[in-house]
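# give me a model of this one.
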Amino acid sequence: MAMKPEMREYLDLIASKNAPAVYEAPISVIRKNAQARRAFMGEAEAIHEVIHRFFAGPTADLPIRIYRPHPDVKLPVLVWYHGGGWALNYLDLYEQALRSLANKGQFIVVAVNYQKSPEHPFPVPFDDCYSTLEWVVDHAEEFGFDLSAIGVGGDSAGANLASAVALKARDTQLIDLAFQLLIYPCNDFTMDYESARVNGDGFGLTTKTMEWFLSKYVTKKSDLKNPYASPTYAKDHSHLAPAITITAEFDPLLDDGYNYNEILRKAGNTTIYREFDGQIHGFFIQAGVTKDAEVAQEFVANEINALLKR
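Model (predicted):
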């Protein structure tokens, strides 16, 4: 299928600005440029409540936002880890997506602004994300979190972090997660698959950009196949939370998401997979650009509730 016309227009607009790639400028410049894309994320809808808090992570106080769709005391929870190559983005870019998910699914969303590479490489962002899940478990009574219905999720690097947190939650028996939501995950750090070559340039995210992100996140060669960094390489993928995986046709990471879904399926886990035709990496949060963003958000909310039997 051809790329959706609105996405081609979006890519042409971005290209016209001649902004540097992540590997062509200081990280401070790249982060400032990323903030300017908030206009593409769509209008954030009204929601019952958004609580802004900090909690003590392993190495720093971490800001979180708790999105509650209505005042009921006990609700399921999606613990959300945002994307941005482990180096970019901030929660304001996700206001539309996270409010939309909470309202459409009628569950709570807890989102964390974890510490970023290159200043804080692996395992710091991963440890921050796992500690966020621990915080949710520990504060279930205070905030009305349903301990029987907690899942993790994220997009891109956030989906990688969610996959890794799901592995560790199983390994430590912290909690039986109800689901894991993986939006175009990057879980195989070798990137040795066809979509990284076929979709490697000209579709927004490039393979060269991903390689830069990976090199800044994992700085020790010994960690490249650490399953909490690159979840594809876990020795055992059995007994993991049911997975909802979304991919995009023109994404360098298309095969990564499909392959990880197959790994989980073949290990005996429940899996739900959907590829969005004509779409590119990042579309899930770009409601200001494409209607497919809210279509995907609706799909995700419905599938989470189906897994929760709500």
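# right, and Glu43 touches Glu294 too?
No: contact criterion Cβ atoms under 8 Å: Glu43 and Glu294 do not qualify, at 11.1 Å. In this view, the C-beta of every residue, glycine as well, is placed from N, C-alpha and C.
# so between the two, which is more surrounded?
Glu294 (17 against 9; other Cβ atoms under 10 Å).
# joint contacts of Glu43 and Glu294?
Counting by Cβ atoms under 8 Å, 6 or more residues apart in numbering, the common neighbours of Glu43 and Glu294 are Ala287.
# what residues sit buried inside the helix or strand bottoming out on mean pLDDT in the chain?
Ranking every helix and strand in the chain by mean pLDDT, DSSP states H and E puts helix 27-35 at the bottom, with a mean of 91. By neighbour count with 16 or more other Cβ atoms under 10 Å, helix 27-35 contains the buried residues 30-31, 33-34.
# next one: stretch 261-280
Buried, per 16+ other Cβ under 10 Å, within stretch 261-280: 261, 263-265, 269, 271-273, 275-276, 278-280.
# before we move on, what about stretch 112-132?
112-117, 120-132.
# let's see which of those residues end up in strands.
The strands, defined by DSSP state E, take in Val112 from the buried residues of stretch 112-132.
# what ranges does the protein have for its strands?
Here the chain has its strands, by DSSP E, at 49-56, 61-68, 75-81, 108-112, 145-155, 179-183, 243-248, 271-276.
# send the alpha carbons of the last one over as CSV?
Written as CSV, here are the backbone C-alpha positions of strand 271-276 (Å, rounded to 0.1, in the frame of the first residue of the first chain):
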residue,chain,number,x,y,z
THR,A,271,-0.6,-12.2,21.4
ILE,A,272,-2.6,-9.6,19.4
TYR,A,273,-0.9,-8.1,16.4
ARG,A,274,-2.0,-5.3,14.0
GLU,A,275,0.1,-3.6,11.3
PHE,A,276,-1.2,-0.2,10.1
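# quick one: pLDDT of the nearest residue to Pro63 once chain neighbours are set aside?
Leaving aside its sequence neighbours, Pro63 sits nearest to Asn113 (Cβ to Cβ, 6 or more residues apart in numbering; 4.7 Å). On pLDDT, Asn113 comes in at 98.
# test my guess that Asn113 contacts Tyr90.
Yes: counting by Cβ under 8 Å, Asn113 touches Tyr90, with 6.0 Å between them.
# got any residues that touch both of those two?
With Cβ under 8 Å, 6+ apart, Asn113 and Tyr90 have common neighbours His82.
# what about the stretch 1-150 of the chain, any weak spots by pLDDT?
Scanning the stretch 1-150 of the chain for pLDDT under 70 picks out no residues.
# check the stretch 201-310 of the chain too.
For the stretch 201-310 of the chain, no stretch is flagged by pLDDT under 70.
# please, where are all the helices along it?
207-217, 254-266, 292-307 (DSSP state H, counting those that start in this stretch).
# so for Leu161, which of the ones you listed sits nearest?
Leu161 sits nearest to helix 207-217 of all the helices of the stretch 201-310 of the chain, at 10.2 Å, using Cβ to Cβ.
# sort out which residues of the closest one are buried, please.
In terms of neighbour count (16+ other Cβ under 10 Å), helix 207-217 has its buried residues at 207, 209-214, 216-217.
# of the residues you listed, closest to Asp146?
Using Cβ to Cβ, the buried residues of helix 207-217 come closest to Asp146 at Tyr217, 32.3 Å.
# tell me who's in contact with the closest one.
85-87, 117-118, 121-122, 125, 157, 229.
# can we see that at 6 Å?
The contact partners of Tyr217, taken as Cβ atoms under 6 Å, 6 or more residues apart in numbering, are 86, 117, 121-122.
# for Leu254, same thing?
Going by Cβ under 6 Å, 6+ apart, Leu254 touches 195, 247.
# could you measure from it over to Tyr273?
12 Å (Cβ to Cβ, to the nearest Å).
# now do the contacts for Asp127.
Pro58.
# burial of Asp155, as a residue count?
Every residue meeting other Cβ under 10 Å relative to Asp155 is counted, giving 27.
# still on that earlier bit, farthest-separated two in the buried residues of helix 27-35?
Arg31 and Asn33 (7.3 Å).
# ends of stretch 25-40, how far apart?
Using Cα to Cα, to the nearest Å, the end-to-end distance of stretch 25-40 comes out at 23 Å.
# same check, this time on stretch 171-178
Across stretch 171-178, the terminal residues are separated by 15 Å (Cα to Cα).
# hang on, the earlier thing: to Leu11, which of the strands of the chain lies closest?
Using Cβ to Cβ, the nearest of these to Leu11 is strand 243-248, at 12.8 Å.
# tell me what that closest one is packed against?
strand 179-183, helix 254-266, strand 271-276 (3 or more Cβ pairs under 6 Å, 6 or more residues apart in numbering; DSSP states H and E).
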